[in-house]
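In: Okay, predicted coordinates and the sequence, questions at the end:
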Amino acid sequence: MNLNPLNLSVLISFSSTLLVACGPESNSRYGDEYWDPTDTKATFDPVEPPEYTVTYSDNTDADTADDDWTAHITIDFTDLNRRSKDGVIASYQRGFAEQKLIDDLIDTNVSTITDTEFVFDYSAGEDRRLSTDIPGEYAVVLDFDVIWPNGNTVSYLFNDMNFTIPGCQTNYGIYSDYINPVLADNCVNCHNAGDASSAFDLDSTNNTTRRTSFFNKVSADALSVGTGTMVDYIFGTQHTGTATANAIDSTQQTKFRQLITLLQAIDNDTGDSRNITSDFTFLASDGNELCFSRPSTMVVEE
């Protein structure tokens with residue numbers, strides 16, 4: 001077609017308008033800043049862990065000196081769930097044990113339960129907070145993916161939302177939280193009925209059998225192989241699996257050593273009638289490794 005100067009001027013003006021309209025895209029989903037597809041992280045609203053609070057209610061009306069507490073966890077990760085690609089997987093961990101879904105911490109008697117908002121609803125008079133009363137060291141864990149504006153999928157793991165419930169654990173509880181995870185991850189591959197190390201058989205499929213076998217060894221006067229304490233043997237050169245034992249995570253190894261030593265001390269105390277192969281509740285005098293102290297910033301509900 002033929003373009004006269006007037007038509008050309010109109011066309012240029014219209015084209016310029018289109019170019020302006022196609023300028024830098026606003027990151028409207030996550031804020032008003034412009035983002036560069038090659039360098040999004042600097043301008044993309046940060047994905048941050050949600051705030052959480054922990055308060056405690058005393059379960060002992062008459063004697064507040066005894067530690068018997070319920071922890072109430074307030075947390076709302078609704079916004080993270082909206083931003084996530086496939087939803088947030090929320091779990092909790094006590095000690096070294098495997099993570100469990102937070103469903104275990106939800107009061108099923110509450111009429112309205114959400115998957116992401118755990119708060120005290122004053123308008124409805126309902127306590128929708130997470131709660132638990134078993135003494136121990138806890139962490140709430142949030143695991144999810146987010147698609148950034150440039151199309152990349154980024155994984156997030158928030159696992160440092162920690163709290164402690166003071167009080168004394170049971171013998172089997174300490175075993176489940178701190179000892180069994182170490183045995184399962186590092187020991188059962190060699191110490192099982194089908195292996196040469198079956199003299200100390202840690203059943204790979206039955207946790208009860210494994211626990212019984214472990215406690216029987218702890219309470220034995222001496223190991224069937226080698227000399228010294230159980231700890232001396234496990235982490236010493238007499239043990240053919242010493243390399244595996246010494247490769248255990250340092251935090252887990254320290255706790256593992258402490259617990260075995262304390263259990264053997266109870267077993268060797270002729271004035272202590274407790275049988276370490278059975279379940280019982282530890283005493284405050286047994287030490288902080290078996291009983292958990294009150295947090296310095298503990299907030300107690302009225």
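Out: Now that the structure is in, tell me what you want to look at.

In: Now do the helices in the protein.
Out: Taking DSSP state H, the helices of the chain run over residues 5-21, 78-83, 171-174, 180-186, 207-219, 230-234, 242-246, 250-268.

In: Helix 250-268 and the fifth one, what's the angle between them?
Out: Same thing as helix 207-219. Relative orientation of helix 207-219 versus helix 250-268 (axes from the mean of the first three to the mean of the last three Cα atoms, to 10 degrees): 70 degrees.

In: ok, back up a step: I'd like the helices of the chain as CSV, with mean neighbour count and distance to Q99 appended.
Out: Quick note: C-beta positions are derived from backbone N, CA and C, even for glycine. Listed next are these as CSV, based on neighbours: other Cβ atoms under 10 Å; distance: least, Cβ to Cβ, whole Å:
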stretch, mean neighbour count, distance to Q99
helix 5-21, 9, 49
helix 78-83, 16, 17
helix 171-174, 20, 17
helix 180-186, 18, 11
helix 207-219, 17, 17
helix 230-234, 19, 26
helix 242-246, 14, 24
helix 250-268, 16, 15
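
In: Reformat the ones you listed into a markdown table and put mean pLDDT and distance to T112 next to each item.
Out: Converted to a markdown table, these look like this (pLDDT from 0 to 100; distance: least, Cβ to Cβ, whole Å):
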| stretch | mean pLDDT | distance to T112 |
| --- | --- | --- |
| helix 5-21 | 42 | 45 |
| helix 78-83 | 94 | 14 |
| helix 171-174 | 94 | 32 |
| helix 180-186 | 92 | 35 |
| helix 207-219 | 86 | 36 |
| helix 230-234 | 82 | 50 |
| helix 242-246 | 89 | 49 |
| helix 250-268 | 90 | 39 |
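
In: how about CSV for the ones you listed, with distance to D68 added?
Out: As requested, the helices of the chain are exported to CSV (distance: least, Cβ to Cβ, whole Å):
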stretch, distance to D68
helix 5-21, 66
helix 78-83, 33
helix 171-174, 14
helix 180-186, 25
helix 207-219, 25
helix 230-234, 32
helix 242-246, 36
helix 250-268, 22
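
In: So which of those is nearest E126?
Out: Among those, the nearest to E126 by Cβ to Cβ is helix 78-83 (16.9 Å).

In: Send me the closest one as PDB with only the CA atoms.
Out: Below are the C-alpha coordinates for helix 78-83, written out as PDB (Å, rounded to 0.1, in the frame of the first residue of the first chain):
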ATOM      1  CA  THR A  78      -1.500 -20.200  53.900                       C
ATOM      2  CA  ASP A  79       0.400 -17.700  51.800                       C
ATOM      3  CA  LEU A  80       3.200 -20.200  51.200                       C
ATOM      4  CA  ASN A  81       0.700 -22.800  50.200                       C
ATOM      5  CA  ARG A  82      -0.800 -20.400  47.600                       C
ATOM      6  CA  ARG A  83       2.600 -19.600  46.100                       C
END
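
In: Give me the distance between that helix and the centre of its chain.
Out: Mean-position distance between helix 78-83 and its chain equals 20 Å (Cα atoms, centre = their mean, to the nearest Å).

In: same for it, what does it pack against?
Out: On a contact count with 3 or more Cβ pairs under 8 Å, 6 or more residues apart in numbering; DSSP states H and E, helix 78-83 meets strand 136-147.

In: how about the strand it packs on as CSV, C-alpha atoms only?
Out: Once non-C-alpha atoms are left out, strand 136-147 reads as follows in CSV (Å, rounded to 0.1, in the frame of the first residue of the first chain):
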residue,chain,number,x,y,z
GLY,A,136,11.3,-34.0,73.6
GLU,A,137,13.0,-31.8,71.1
TYR,A,138,10.8,-31.0,68.1
ALA,A,139,11.0,-29.3,64.7
VAL,A,140,8.2,-28.3,62.4
VAL,A,141,9.2,-28.9,58.7
LEU,A,142,7.7,-27.3,55.6
ASP,A,143,8.7,-28.7,52.2
PHE,A,144,7.5,-27.2,48.9
ASP,A,145,8.3,-26.0,45.4
VAL,A,146,7.8,-22.5,43.9
ILE,A,147,7.8,-21.6,40.3
